[in-house]
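>>> what follows is a predicted protein model with its sequence.
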Amino acid sequence: MLTDVVAPPATAAWRAGDPPGRRRWLDLRGPLPLQAGGALPGARLAYETWGSLNPKRDNAILVLHALTGDSHVSGAGGPGHPTAGWWDGLVGPGRAVDTNHWFVVAPNALGGCQGSTGPASAAPDGKPWGSRFPFLTLNDLARAENDLADHLGVDAWAAVIGGSLGGMRALEWTLCQPDRVRALLLLACTAASSAEQIGWCSAQVRAIEADPNWRGGDYHHAAPGHGPHAGLGLARRIAHLTYRSPAELNGRFGRIPQPGENPWQGGRYSIESYLDHQAAKLVGRFDAGSYVTLTKAMADYDAGRGRGGVAAALASVRARTLVAGVAGDRLFPLVQQQELADGIPAAGPLRVLGSPYGHDGFLIETGQLGPIVGELLSR
Ligand SMILES: CC(=O)SCCNC(=O)CCNC(=O)[C@H](O)C(C)(C)COP(=O)(O)OP(=O)(O)OC[C@H]1O[C@@H](n2cnc3c(N)ncnc32)[C@H](O)[C@@H]1OP(=O)(O)O
Ligand SMILES: N[C@@H](CCO)C(=O)O
């Protein structure tokens, strides 16, 4: 029996007393069997919805977030959601994904820290999972969301949409549950993480693990302000550089010192100040354990595992598909989206977003994404 939990759960990773915002919660049916072995008991997913399911139940769209995103895809900031939705320019009333027509569903990924069960959540013994939280694969994340589709009465998604980690989650959804996905939009992602991507992920995980406040992952009882913030901040600085293009960073910051600071006297260049700010923003909204869990899941991804290789896996996709990448994405280069477009039979040509930003273009360039989403949904 699936239960929809309306009150904020004790398992939430954000601070006790934080308002739920628009989130709702779903307890999974039972222990989730994990691809790496064992099972995760007592898991719940946070999710948000916009619009409503039509009587034919054929208008549901699943939107899957990237590494540090969450369920708040659309709408203003406010209680429970300090910032506006991360795809507010794309999803909402009258937008490309028009919530007057489509029933949009967005879960916080299992392992995350915005309401879904993750390392900061309480294990069945009431103590934080911490270092005991199991290794998750994207296959586990996709299968966990099957219960959500059942609960909402969605037999098959009209489309599953995601970028970066969200795109890999979308691909895995289709490969796990092919009968439940009619159309697919894969953005700025890959069918299998490359050695370089595993390396970027590893450097970030090592930065967190090297922080003495990480305590092997069992830091959740530490006093406020004593978590592995330095390590998480360092991980974000590394990651953020991969999310942006050299041209954007050089054009924006150049070699200019931060106003009022002198690098010869311990001051910072403007880019250093910017990265410090990006680090502080993430530390204020994200749990280091979730960052490690989801980063390892991303590094681990291989759509071809157990399916006869990537080419065979992609050839098996029957959903109408569009693949798009961002010119100048140095984290998920276009060659990886070309492989997806070439390998998925119904994908058609690769679409390329022109963007000065690089990888983050899939979040920022909603004006270019709109027609691509529109084409997928109108086919
Ligand atoms: C909309 C959301 O962020 S939702 C929050 C959940 N996050 C997600 O879902 C992840 C997806 N979103 C993202 O990754 C980001 O929001 C993006 C990529 C869409 C946009 O990135 P941003 O950080 O907002 O943009 P940008 O690179 O222009 O940075 C602007 C910030 O840098 C600050 N900044 C710029 N130059 C400097 C500098 N020299 N020194 C210090 N700070 C600086 C700006 O003041 C601004 O601060 P603010 O965000 O506190 O207002
Ligand atoms: N800026 C995005 C990039 C990851 O693809 C995030 O923080 O999730």
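In hand now; what should we look at? Ligands and ions are numbered 1, 2, ... in the order given.
>>> check for me that residue 54 belongs to a strand.
No. Counting by DSSP: H, G, I helix; E, B strand; the rest coil, residue 54 is not part of a strand but coil.
>>> ligand 2 versus that one, what's the distance?
31 Å (CB to the nearest ligand atom, to the nearest Å). (Glycine included, C-beta is placed from N, CA and C.)
>>> hey, what's the residue lying closest to that residue once chain neighbours are set aside bridged with?
Nearest residue to residue 54 in three dimensions, chain neighbours excluded: residue 103, at 7.2 Å (CB to CB, 6 or more residues apart in numbering). Following DSSP bridges, residue 103 is listed with bridge partners residue 60.
>>> now residue 103: how far from residue 48?
12 Å (CB to CB, to the nearest Å).
>>> what does residue 210 give?
35 Å.
>>> quick one, which of these two is more surrounded?
Shown here are residue 210 and residue 48; by other CB atoms under 10 Å, residue 48 has more neighbours (23 against 12).
>>> got the residues of the stretch 251-379 of the chain near ligand 1?
By CB under 6 Å from any ligand atom, the residues of the stretch 251-379 of the chain that approach ligand 1 are 258, 270, 273, 274, 277, 278, 281, 360, 363, 364.
>>> er, the stretch 1-150 of the chain I mean
So the stretch 1-150 of the chain meets ligand 1 at 68, 69, 83, 84, 86 (CB under 6 Å from any ligand atom).
>>> show me what from the stretch 201-350 of the chain comes close to ligand 2.
Close to ligand 2, as judged by CB under 6 Å from any ligand atom, the stretch 201-350 of the chain has residues residue 243.
>>> and what about residue 307, helix, strand or coil?
coil.
>>> and the closest residue to ligand 2 within the stretch 101-250 of the chain, backbone torsions?
Ranked by CB to the nearest ligand atom, the top residue of the stretch 101-250 of the chain for proximity to ligand 2 is residue 164, at 3.1 Å. Here is the backbone geometry of residue 164 (degrees, to the nearest 10): phi 60, psi -130.
>>> what's the neighbour count on it?
27.
>>> over to residue 348?
If we define neighbours as other CB under 10 Å, then residue 348 has 15 of them.
>>> that one sits in which helix or strand?
Taking DSSP states H and E as the definition, residue 348 sits outside all helices and strands.
>>> repeat for residue 230
Assigned by DSSP H and E, residue 230 falls in helix 229-243.
>>> kindly export that helix (C-alpha atoms) in PDB.
Extracted in PDB, the C-alpha atoms of helix 229-243 (Å, rounded to 0.1, in the frame of the first residue of the first chain):
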ATOM      1  CA  HIS A 229      31.600  22.500   4.800                       C
ATOM      2  CA  ALA A 230      35.200  23.100   3.600                       C
ATOM      3  CA  GLY A 231      35.300  19.900   1.700                       C
ATOM      4  CA  LEU A 232      31.900  20.400   0.100                       C
ATOM      5  CA  GLY A 233      32.900  23.900  -0.800                       C
ATOM      6  CA  LEU A 234      36.000  22.700  -2.500                       C
ATOM      7  CA  ALA A 235      34.100  20.100  -4.400                       C
ATOM      8  CA  ARG A 236      31.700  22.700  -5.600                       C
ATOM      9  CA  ARG A 237      34.500  25.000  -6.700                       C
ATOM     10  CA  ILE A 238      36.000  22.100  -8.800                       C
ATOM     11  CA  ALA A 239      32.600  21.200 -10.200                       C
ATOM     12  CA  HIS A 240      31.500  24.700 -11.000                       C
ATOM     13  CA  LEU A 241      34.600  25.300 -13.200                       C
ATOM     14  CA  THR A 242      33.500  22.300 -15.200                       C
ATOM     15  CA  TYR A 243      30.000  23.700 -15.500                       C
END
